[in-house]
Structures are given as structure tokens and as C-alpha cells.
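In: sequence unavailable; structure follows:
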């Protein structure tokens, strides 16, 4: 970080009413440390799964047209899958406002969730029982790890003490207010799409940040194979959707922009 940027971080630390934390750990030092379960989908026989989906749809149509009872295929069960946190990834990108006067001295940020829990209920035949939910602790959020910054394409790592100051700003009462609102969560209310083992779903649900719900409708890609469910989604929501104002200091000469970009790359294991 150059001298001017360090001066900005130092001035920013004076603008919040909290004690500066010491250096923080860097669990993901390199992009290769970051789990990316969607990469495993390359080894899954998607063509075969899609053929099975088509055959299952045809069997269901034949059963609907058949006047006789009892000869159709057994309905698929609804299966619950638990997020595999060690091999999954949830993160949020926060972007600097490029129109701010000193934006050239500011940084984009990437915040990774850790210690989270999540569950998916999914039926290959019907989306009536489809449900996706997750929750993670605000105080367990990992800020600007060097591996995550490299993973999302940011140019330079940040020093540990600077990351600690950014984390203090993030948890402050003017931002996430971690002392009052200790979790971020999502609960789906509806899934639409074709379903099946290889599917693209439109999932509507409530994302809760700082105690305020915002309705979001991300597109979620789903693959189900050998007892595992893979799900990927990227969507944006605004600070203002949660009654928040993006962080700024020096009279707004450095500030974050309103959009927040959430990315999920999940693998979940079937509950036995």
C-alpha cells in the first residue's frame, strides 16, 4: 500500500468510535487455497444426467396420460442436503465509488463468510418442496484475505493491520452493527424452473442483513450427483436495501458504492 493510501486508512480509523484491532489471520494465503466446488462439475457426466431428466419427465407425462393406476414410476423423494462448509465458498464484494475524489487511493474489498450453516431441500420431480437457506456470523467474516483478493482478481494484497482496520469499520454501529445484529441469513420462499438433476432455478427469498429483510431473486444453477448437490449463484443487492449508507470518510472523498455482490459456490451432502 502506498503512503497516500496508508494516510487514508489512518484518517479513516479516526472517524469511528471503536478500538483498533491487532493484525488478523490470513487463512487463505493463495488463490489455490480457495475452495471452488463448481470446478468438480467438469468431472460429472452432465449429458447422462440430462438424459435421465428427460426420461423422468417422459415417464411422468406417460403416467399422467395413463388411465390405469399403480403402474407408473415411484415419485422421487425430497432430500435434504447440508452445506459442506470446508469445501464451499460464500463471499461478498464491496466496491469503491469510482466517482469519489480520492477513489484512486481506495480499494475494492472481498469479504468471505466462515463458520456458516446452510441447507437445501430438493426433489428431482417437483419444486414444490424446494428450499434454500443459510446463515453466518457477522463477527466470523474474513476480510480481504490475500488468497481471496487474488481469487476475485484484485491487484494487490493488503497489510494485516490495514485489514484489521477495515474489519473494524465494517463491524461498526454505522455499518453492520455487529454488536446488535450478529448474523446474516437467507431463506427462500419460492423456486421456479424446470427442476431435475441439472437445473437453472429462479429462487426468490429474503436476505437479512442488519436485521432488515430485502427480497432477492437470484438465478441458481443446480447439479445433483451421487449424493451431492452443487449450487452456484451471483447476485447484487444494495446497501440501501438494508437501510445502510455505504462507508465513507474524508467528507466522502473516499467511499464505497451502493451495490453489494454476493457469490455462492456450494457443495452440499445428502442427509442420510
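Out: Received the coordinates, thanks. Every value quoted in this text rests on a predicted model; they were computed, and no experiment measured them. Residues are numbered from 1 along each chain as shown.

In: what lies in contact with stretch 73-88?
Out: Applying CB atoms under 8 Å, 6 or more residues apart in numbering, the contact partners of stretch 73-88 are 35, 37, 56, 59-60, 63, 114-126, 129, 134, 228-229, 264-271. (C-beta placed from N, C-alpha, C; glycine too.)

In: what subset of those residues is buried?
Out: The neighbour count (16 or more other CB atoms under 10 Å) marks 35, 37, 56, 60, 116, 118, 120-125, 134, 228-229, 264-268 as buried among the contacts of stretch 73-88.

In: can you list the strands that the biggest strand by length in the chain pairs with?
Out: As assigned by DSSP state E, the longest strand anywhere in the chain is strand 254-270. With DSSP bridges as the test, strand 254-270 is paired with strand 79-83 (antiparallel), strand 89-96 (antiparallel), strand 228-238 (antiparallel), strand 248-249 (antiparallel).

In: please name the residues that touch residue 175.
Out: 169, 244, 247.

In: closest one of the residues you listed to residue 94?
Out: Nearest to residue 94 among these is residue 247, at 8.2 Å by CB to CB.

In: can you give me the pLDDT of the closest one?
Out: Listed pLDDT for residue 247 reads 74.

In: got it, and residue 140?
Out: 95.

In: for it, grab phi and psi.
Out: phi -90, psi 0 (degrees, to the nearest 10).

In: kindly report the same for residue 166.
Out: Phi and psi for residue 166, reported as degrees, to the nearest 10, are phi -60, psi -40.

In: pretty sure it sits against residue 141.
Out: No: if you go by CB atoms under 8 Å, residue 166 and residue 141 don't touch, sitting 10.7 Å apart.

In: circling back to that earlier point, can I get the strands paired with strand 254-270 in TSV including distance to residue 49?
Out: Output for those, formatted as TSV (distance: least, CB to CB, whole Å):
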stretch	distance to residue 49
strand 79-83	15
strand 89-96	23
strand 228-238	11
strand 248-249	48
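
In: show me the beta-bridge partners of the closest residue to residue 36 other than its chain neighbours.
Out: If the residues on either side of it in the chain are set aside, residue 36 comes closest to residue 265, at 6.0 Å by CB to CB, 6 or more residues apart in numbering. Legend: beta-bridge partners of residue 265 under DSSP bridges are residue 89, residue 232.

In: run through the residues that contact residue 265.
Out: Taking CB under 8 Å, 6+ apart as the test, what residue 265 contacts is 35-38, 88-90, 232.

In: still on that earlier bit, among the strands paired with strand 254-270, which comes closest to residue 189?
Out: strand 228-238 (15.2 Å).

In: how distant is the longest helix seen in the chain from the center of its chain?
Out: If you go by DSSP state H, the chain has its longest helix at helix 46-65. The chain centroid and the centroid of helix 46-65 are separated by 32 Å, computed with CA atoms, centre = their mean, to the nearest Å.

In: which strands or helices does it pack on?
Out: With contacts taken as 3 or more CB pairs under 8 Å, 6 or more residues apart in numbering; DSSP states H and E, helix 46-65 sits against strand 198-209, strand 219-225.

In: the same query, at a cut-off of 6 Å, please.
Out: Applying 3 or more CB pairs under 6 Å, 6 or more residues apart in numbering; DSSP states H and E, one finds that helix 46-65 contacts strand 198-209.

In: quick one: strands adjacent to the strand it packs on?
Out: Here, using DSSP bridges, strand 198-209 pairs with strand 183-193 (antiparallel), strand 212-216 (antiparallel), strand 219-225 (antiparallel).

In: what angle sits between that strand and helix 46-65?
Out: 90 degrees (axes from the mean of the first three to the mean of the last three CA atoms, to 10 degrees).

In: sweet, I'm off.
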